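> Have a look at this fold, sequence not included:
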């Protein structure tokens, strides 16, 4: 029973404070943000609105499937914290009316933790409980079948409620699929209609749509973001629009879910976008995937809808091969991973990224060049052997990518890579027209030659003949590095070793290879390998689902820099160092 005098967000915070170690860092940040907001003067907490939604959910929403089917959804304290934040925070808008602060909600939790029914509760409340007239709500997912996973439990909840079914018509498609829900009601003599539409490919555009609520489910599997963008932009006329995004983690580094996840994590951490609320149950950095305490930490409904026996069985399978491990990590530990047969884990390559490489002009450098087809992505990778704060070897990688301007918007949507935003940061060069401008590539290499101590250019001989002739005329040694296992295995192995080593750079813990360009992470995450008869390996562009050009360029350059990575030795320690080598 809901007590309307109780602030259920505060109740969760009390539980959290009593046992902080039981919660992941992502939830700690959400609690920190909530406490910070309570001190603000420009927004305020409306406990009645927060509890009205919680009351509606526990009164009308019922489980539709599983052992709890037919029973009311009794919310756990963490779920009340979630709903209370979405509806409790209010502000006065430009017309003097009280409206929600939160407009976009990102909820990421492992499977079987009630994600879908919580998203459905928000949609049902918008149609039946919030007092909105003419509310249009849309359910969207990567496929129509996935939409049905959200729509069918929602429709069953309506059908099983005498209060909700009154005045409601549910429209079915083939094989009893749910197409739409229409709720008609009369108020003060006027007739109104609220509705829920389940989207498919043939009605994905925003023409004629004016969404009050958009419910995006399982965005981890979604590559194309067009429908997501269309539906959000169609809310322009709404005073209090709401977008609810629910998902588990996934296995595609370029997915829409991965992109939203990265943005919301930064929002919760930096508190720089009031419109977004994020609640993410994921392990802390450096977690041990075999640790049962980690399993409990990221599954908030442990003992309610999730049990350890189920996870133990899944874990046994996960130990057998990389595919089952990727499934366990993404679906039950809520970790974004690469494709099951991608070589590196996402958590490994994330340690490479830094905000700034420091003052690198004038440093000794080697260039690795990967020239792809003229209509696609090309990368020039500057490899700078250096040292970390403690004098240990550190490889700095400064990269420039080249991409044709033609079709750039479509490429951004397909790959979820913000090329134009990266171009503003001088990490990408956009070439006018439909092809890579080799003169622009050459100009960049000549700039490196002028401002660095450039000792060598390593290149893949494919497609590079004309450019290499010009570089050799400058007097720069140019070395062929074909993309075969016999040539790539050594830099590949050494790169992997650098990823596994810890370094301290500008008081930040990093890997022994760092970069300021997130596209290198994107490429490394997507890399799949081929091996030859001697078990030597190389990255495979053919097998990799997304682009790996930047990773390949890095390895091509590292064919030389791996021989330049020596530890710094203080002059007074030089004798001991030489003795250790030649003893």
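Good, I have the coordinates. Predicted model, so just to flag it, every value in this text is computed and none were measured.
> Local confidence estimate at residue 324?
pLDDT recorded at residue 324 is 81.
> which other helices and strands contact whatever helix or strand it lives in?
Residue 324 belongs to helix 322-332 when elements are defined using DSSP states H and E. Counting contacts by 3 or more CB pairs under 8 Å, 6 or more residues apart in numbering; DSSP states H and E, helix 322-332 packs against helix 308-318. In this view, the C-beta of every residue, glycine as well, is placed from N, C-alpha and C.
> now the helix it packs on against helix 322-332, angle please.
Angle, helix 308-318 to helix 322-332, by axes from the mean of the first three to the mean of the last three CA atoms, to 10 degrees: 150 degrees.
> Can you point out the buried residues in helix 308-318?
Of the residues in helix 308-318, 311, 314, 315, 318 count as buried by neighbour count, 16 or more other CB atoms under 10 Å.
> before we move on, the earlier item: which parts of the helix holding residue 324 are buried?
By 16+ other CB under 10 Å, the buried positions in helix 322-332 come out as 324, 325, 326, 327, 328, 329, 330, 331, 332.
> Please list all residues in contact with the nearest residue to the fifth one once chain neighbours are set aside.
With sequence-adjacent residues excluded and distances taken as CB to CB, 6 or more residues apart in numbering, residue 328 is closest to residue 318, at 3.6 Å. Shown in contact with residue 318 (CB atoms under 8 Å, 6 or more residues apart in numbering): 324, 325, 327, 328, 329.
> Switch the residues you listed over to JSON lines; also include distance to residue 291.
Formatted as JSON lines, the contacts of residue 318 follow (distance: CB to CB, whole Å):
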{"residue": "324", "distance to residue 291": "18"}
{"residue": "325", "distance to residue 291": "15"}
{"residue": "327", "distance to residue 291": "18"}
{"residue": "328", "distance to residue 291": "13"}
{"residue": "329", "distance to residue 291": "13"}
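> between those, which is nearest residue 541?
Using CB to CB, the shortest approach to residue 541 within those belongs to residue 325, at 24.5 Å.
> Hmm, the closest one is touching residue 319, no?
Yes. The pair residue 325 / residue 319 is scored as a contact, 7.3 Å apart, by CB atoms under 8 Å.
> how about residue 532, phi and psi?
Main-chain dihedrals, residue 532, degrees, to the nearest 10: phi -100, psi -170.
> Quick check: the gap between the nearest residue to it once chain neighbours are set aside and residue 479.
Excluding its sequence neighbours, the residue lying closest to residue 532 (CB to CB, 6+ apart) is residue 485, at 4.4 Å. With distances taken as CB to CB, to the nearest Å, residue 485 is found 18 Å from residue 479.
> Can you list the strands that the longest strand along the chain pairs with?
Longest strand in the chain, counting residues (DSSP state E): strand 393-404. As defined by DSSP bridges, the strand partners of strand 393-404 come to strand 378-387 (antiparallel), strand 428-431 (parallel), strand 513-515 (parallel).
> chain center to the first one: distance?
The offset between the C-alpha centroid of strand 378-387 and the centroid of the whole chain comes to 26 Å, using CA atoms, centre = their mean, to the nearest Å.
> tell me the strands in the stretch 451-583 of the chain, going along the chain?
453-459, 478-480, 502-505, 508-511, 513-515, 528-531, 537-540 (DSSP state E, counting those that start in this stretch).
> Just want the phi and psi numbers for residue 288.
phi -100, psi 110.
> Contacts only, for it.
With contact taken as CB under 8 Å, 6+ apart, residue 288 is in contact with residue 294.
> out of the strands of the stretch 451-583 of the chain, deepest packed?
strand 513-515 (a mean of 27; mean count of other CB atoms under 10 Å).
> Not counting it itself, show me its contacts.
Under the contact criterion CB under 8 Å, 6+ apart, strand 513-515 has outside partners 352-354, 357, 394-399, 495, 498-499, 503, 505, 521.
> switch the cut-off to 7 Å
Contacting residues not belonging to strand 513-515 are listed as 352-354, 357, 394-397, 399, 495, 498-499, 505 [CB atoms under 7 Å, 6 or more residues apart in numbering].
> and the least confident of the residues you listed?
Among those, residue 499 has the lowest pLDDT, at 91.
> where's that residue relative to residue 333, distance?
Residue 499 sits 21 Å away from residue 333, going by CB to CB.
> Also residue 353?
Distance of residue 353 to residue 333, given as CB to CB: 22 Å.
> just residue 452 next, same as before
Counting by CB to CB, the separation of residue 452 from residue 333 is 42 Å.
> Mind checking which of these two has more residues around it?
residue 333 (24 against 19; other CB atoms under 10 Å).
> residues near residue 494, how many?
Residue 494 is flanked by 20 other residues according to other CB under 10 Å.
> and if you look at residue 355?
Residue 355 has 7 neighbouring residues, counting by other CB under 10 Å.
> who are the neighbours in contact with it?
Residue 355 makes contact with residue 516, according to CB under 7 Å, 6+ apart.
> Phi, psi for it please.
Taking degrees, to the nearest 10, you get phi -70, psi -30 for the backbone angles of residue 355.
> Let's see the pLDDT reported for it.
pLDDT at residue 355 comes out at 94.
> shift numbering so it begins at 708
Got it, the first residue is 708 from now on, which makes the last one we talked about residue 1062.
> Next one: it relative to residue 1158, how far apart?
Distance, residue 1062 to residue 1158, by CB to CB: 21 Å.
> Check residue 790 too.
For residue 790, the distance to residue 1158 equals 55 Å [CB to CB].
> Quick one: residues in contact with the helix holding residue 1031.
With contact meaning CB under 7 Å, 6+ apart, helix 1029-1039 is reached by 817-818, 955-958, 996, 1018, 1021-1022, 1024-1025, 1042-1044, 1047-1048.
> same question, stretch 1148-1164
1068-1074, 1076, 1085, 1087, 1089, 1107, 1109, 1174, 1177-1178, 1181, 1183-1186, 1267.
> Check the offset of that stretch from the chain's centre.
Using CA atoms, centre = their mean, the mean C-alpha position of stretch 1148-1164 is found 34 Å from that of the whole chain.
> Equivalent analysis for stretch 943-961, please.
Put simply, stretch 943-961 sits 12 Å off its chain's centre (CA atoms, centre = their mean).
> Same check on stretch 709-724?
The answer for stretch 709-724 is 30 Å, by CA atoms, centre = their mean.
> list the buried ones in it?
Across stretch 709-724, burial judged by 16+ other CB under 10 Å covers 709, 714, 715, 716, 719, 720, 723.
> Make CSV from those and add secondary structure and pLDDT to it.
Below are the buried residues of stretch 709-724 laid out as CSV (DSSP: H, G, I helix; E, B strand; the rest coil; pLDDT from 0 to 100):
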residue, secondary structure, pLDDT
709, coil, 90
714, coil, 97
715, helix, 98
716, helix, 98
719, helix, 98
720, helix, 98
723, helix, 97
